[in-house]
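> Sequence unavailable; structure follows:
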């Protein structure tokens, strides 16, 4: 499979919000469609915590992307009209400089010497990348989950850089329930002896901690309602069960195990820790003298679509309402869509029909 | 501090639902008030997964119990009127025979040779203990959380043994979200190398697994709404923070840590695993040809009060509605109380005012 990623070298040093700087750093991104002559048809997508820049297939890399149903010719984000960019977050190991990257100062991986990472840093790296493509103003900035917080940072730190915004299943600040979940995920990794203060290798890898972290993630990304319909109390066939004390017995346990196994070795644990903590740190109220509303009112764009789902326990619907109210108070024309998809926080990845209708409808009016 | 526990020796062998038997086993219980001459004023309380039989202070043990605000002279469960019994579940290490107890056949602790434990076994042990006190019919059977499932088993397996029932924050069967949470708690313990297939000791103890399990428990016992008001994004003072990478920074993290530290060494990990799995296994539909409603319709009592709370994510309100509907369909006079307490599943331990009003009101009408 060919790699469709392109790389943008950040200015060096690249100063980080909380101090420190990266030298010779870069971010990976992919694109779909063609930038028009006026350079006014660009759409940037910020991903959630773990996805890569490969949001959808393209001629170079025809493998399906993480938002394949949403993005492509004739789809909701129509690549015959829009020039779409998806960036792998700074600090993520899917091509961008991250804690697993080599620190040019030492020739060794950064690991825990990577500077503190904030979503503001992710936003600033994206803004520089977009500028390097000759784009002054994004036609639309889309952010999903953690990426929705990066998007808020982008718009706040770079006034005039965005015309319209689509906010998907996200929040203007991390609330304590989400902090508690992410803290426990980080702790599961930190307490794994193989994490070894970040000094793991392939032979000694924190599989256990990463597995627990991922399962806890999946539990909070989906919803009890969906699982009642999907798994109920269905048992595994005897031959599928683990031959060990307290081994898995129900289908829902095997489902979580499958998710964990696919994740554990495909995401760098230190990068996970850095991005997870960056999510906890994000708080738009920092820009509004402690008020979420005042922070949001510093964002000036023309139009916005804010989507949330009633079954989301990690980014509850009230937080999307806050975003919608804040952007409206700042003068934007805001559409707010509350969905009842049963899939919880992950609905934006699964309920393509309803998300497509909302996102496609909004983009078609731009 | 004196010990108010009394012990009831179970018949030997005591046959277990899923096979195997206990020899020379016992259950611990405490009592408050006086059994009247007609022996018709007895109230039995089944606890949640981890509490002891010490539901409230009494002359022998004046330390506060886990339901201190609910139980006592003049309180909702008025011990001047009722003879109240609270039993430590069979399989729990707070005085009853459990995996940490000595197996008389070997002189060694059972550990994982303890037979499979079901809530039906807990119910049967309680029924024998109640009978030993000369009580044919309980005036009221109260079950909280896991204890609510034990109570359903008690009433179903021992027809005519209960006059009235109070069901508190519980469920007629474990649903997949709750199974997923408990499975992950068990896995955190199982994956701790110090668990060692149940062969731990005080010097090599699965502190890490137990801590993660407890924190995950506390996260699901409370509610996001409560924490927004209680913790918001308040940081720890610098001197309270951990001096280690990714150490705790927010108050909510320190709150969870405090809960974990108080729990880890005070509950036997193997007992925790057995009771947790028993909760997953419980399913009233087993007694109704796969139907929860039909299972509940096999319970014949006069009156019931069913209480749930809208913020409970572990035992959602719909499950209490099912219990209320089923008991009513079976012919009981049922009161259903849906509270909006912000404390989630744990509201029955915290929102004493509202739970007292409902429980006290119901009992006063008996």
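Sure thing, it's come through. Remember, it's a predicted structure, so these values are computed and weren't measured experimentally. Residues are numbered from 1 along each chain as shown, chains lettered A, B, ... in the order given.

> State the distance from residue A:328 to residue A:334.
To residue A:334, residue A:328 is 4 Å away according to CB to CB, to the nearest Å. Bear in mind the C-beta positions are built from the backbone N, C-alpha and C, glycine included.

> Who has more neighbours out of the two?
Neighbour count, other CB atoms under 10 Å in any protein chain shown: between residue A:328 and residue A:334, residue A:334 has more, with 20 against 17.

> Who is that one paired with across the strands?
As for beta bridges, residue A:334 partners with residue A:304 under DSSP bridges.

> burial measure for residue A:63, as a count.
12.

> Run through the helices of the stretch 251-366 of chain A in chain order.
A:251-264, A:269-281, A:292-296, A:317-329, A:347-350, A:352-364 (DSSP state H, counting those that start in this stretch).

> Just say helix, strand or coil for residue A:217.
helix (DSSP: H, G, I helix; E, B strand; the rest coil).

> quick one on the thing from earlier: out of the helices of the stretch 251-366 of chain A, deepest packed?
Among the helices of the stretch 251-366 of chain A, helix A:269-281 has the highest mean neighbour count (mean count of other CB atoms under 10 Å in any protein chain shown), at a mean of 25.

> Determine how far that one lies from the middle of the whole chain.
Relative to its parent chain, helix A:269-281 has a centroid offset of 11 Å by CA atoms, centre = their mean, to the nearest Å.

> what's the average pLDDT for it?
Helix A:269-281 comes out with an average pLDDT of 98.

> follow-up on the earlier one: can you put the helices of the stretch 251-366 of chain A in CSV and add distance to chain B?
Shown next, in CSV, are the helices of the stretch 251-366 of chain A (distance: least, CB to the nearest CB, whole Å):
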stretch, distance to chain B
helix A:251-264, 4
helix A:269-281, 6
helix A:292-296, 10
helix A:317-329, 9
helix A:347-350, 16
helix A:352-364, 22
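
> Of all the ones you listed, which one is nearest residue B:306?
With CB to CB as the criterion, residue B:306 lies closest to helix A:251-264 of the helices of the stretch 251-366 of chain A, at 26.0 Å.

> okay, the angle between that closest one and helix B:269-281?
120 degrees (axes from the mean of the first three to the mean of the last three CA atoms, to 10 degrees).

> Point out the other helices and strands that helix A:251-264 packs with.
If you count contacts as 3 or more CB pairs under 8 Å, 6 or more residues apart in numbering or on different chains; DSSP states H and E, helix A:251-264 packs onto helix A:207-221, helix B:176-190.

> check whether the first one contacts chain B.
Yes: applying CB under 8 Å from any CB of the partner chain, one finds helix A:207-221 in contact with chain B at A:208, A:211-212, A:215-216, A:219.

> I'd like the distance between the nearest residue to residue A:174 once chain neighbours are set aside and residue B:232.
Distances taken as CB to CB, 6 or more residues apart in numbering or on different chains put residue A:280 closest to residue A:174, at 4.8 Å, once the chain neighbours are dropped. According to CB to CB, residue A:280 and residue B:232 sit 13 Å apart.

> Now the element after the helix or strand harbouring residue A:27, going C-ward?
Element membership for residue A:27 (DSSP states H and E) is strand A:26-32. Moving toward the C-terminus from strand A:26-32, the next helix or strand (DSSP H and E) is strand A:42-46.

> Can you list the strands that that following strand pairs with?
strand A:83-87 (parallel), strand A:138-144 (parallel).

> Looking at the residues of helix A:207-221 next to chain B, state which has the most neighbours.
Each of the residues of helix A:207-221 next to chain B was scored for neighbours by other CB under 10 Å, and residue A:212 scores highest at 28 neighbours.

> so that one makes contact with residue B:186?
No: contact status for residue A:212 versus residue B:186: not in contact, 11.3 Å apart, counting by CB atoms under 8 Å.

> Could you list which residues are in contact with residue A:356?
For residue A:356, the contact set (CB atoms under 8 Å, 6 or more residues apart in numbering or on different chains) comprises A:69-70, A:75-76.

> Highest neighbour count among the residues you listed?
Among these, the one with the most neighbours (other CB under 10 Å) is residue A:70, at 23 neighbours.

> Tell me the confidence at that one?
Residue A:70 carries a pLDDT value of 98.

> Touching, it and residue A:79? I think so.
No: look at residue A:70 against residue A:79 with CB under 8 Å: they stay out of range, at 10.6 Å.

> what is in contact with those two at once?
Common neighbours of residue A:70 and residue A:79 (criterion: CB under 8 Å, 6+ apart): residue A:56.

> What lies in contact with stretch A:311-321?
Residues outside stretch A:311-321 that contact it (CB under 8 Å, 6+ apart) are A:145, A:148, A:167, A:169-173, A:175, A:177-178, A:181, A:220-221, A:223, A:225-226, A:306-310, A:336, A:338, A:340-345, A:347, B:224, B:313.

> Whichever of those residues end up buried, select them in ChimeraX.
Entered in ChimeraX, the line below selects the buried ones among the contacts of stretch A:311-321, by 16 or more other CB atoms under 10 Å in any protein chain shown:
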select /A:145,148,167,169,170,171,172,173,175,177,178,181,220,221,223,225,226,306,307,308,309,336,341,342,343,344,345,347 /B:224,313
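
> which ones among the contacts of stretch A:311-321 are found in strands?
A:167, A:306-309, A:336, A:338 (DSSP state E).

> Let me see the ranges of the helices in the stretch 51-200 of chain A.
Going by DSSP H, counting those that start in this stretch, the stretch 51-200 of chain A shows helices at A:119-132, A:146-157, A:176-190.

> so which of these gets nearest residue B:362?
For the helices of the stretch 51-200 of chain A, the distance to residue B:362 is smallest for helix A:176-190, at 32.2 Å, taking CB to CB.

> Now for the nearest residue to residue A:331 once chain neighbours are set aside: which residues touch it?
Closest residue in space to residue A:331, ignoring its immediate chain neighbours: residue A:300 at 6.6 Å, by CB to CB, 6+ apart. Residues in contact with residue A:300 (CB under 8 Å, 6+ apart) are A:155, A:159-160, A:330-332.

> most surrounded residue in those residues?
Using other CB under 10 Å as the neighbour criterion, residue A:155 leads the contacts of residue A:300 with 27 neighbours.

> tell me the contacts of that residue?
Per CB under 8 Å, 6+ apart, neighbours of residue A:155: A:141, A:161-162, A:165, A:299-301.

> and residue A:237, how many neighbours does it have?
When counting by other CB under 10 Å, one arrives at 7 neighbours for residue A:237.

> where's it relative to residue A:328, distance?
53 Å.

> next one: residue A:152
Residue A:152 is 14 Å from residue A:328, by CB to CB.

> Which pLDDT value goes with residue A:1?
60.

> If you could redo that for residue A:178, that was the one I meant.
Confidence score, pLDDT, at residue A:178: 98.

> how close does it sit to chain B?
According to CB to the nearest CB, to the nearest Å, residue A:178 stands 8 Å off from chain B.

> From residue A:316, how far out is that residue?
9 Å.

> same deal with residue A:217?
Between residue A:217 and residue A:316 the distance is 17 Å, computed by CB to CB.

> higher neighbour count, those two?
More crowded of residue A:217 and residue A:316, by other CB under 10 Å: residue A:217, with 24 against 21.

> burial measure for the closest residue to that one other than its chain neighbours, as a count.
Of all residues not flanking residue A:217 in the chain, residue A:185 sits nearest, at 6.4 Å (CB to CB, 6+ apart). Close neighbours of residue A:185, defined as other CB under 10 Å, add up to 23.

> Quick check: pLDDT value at residue A:185.
For residue A:185, the predicted pLDDT is 98.
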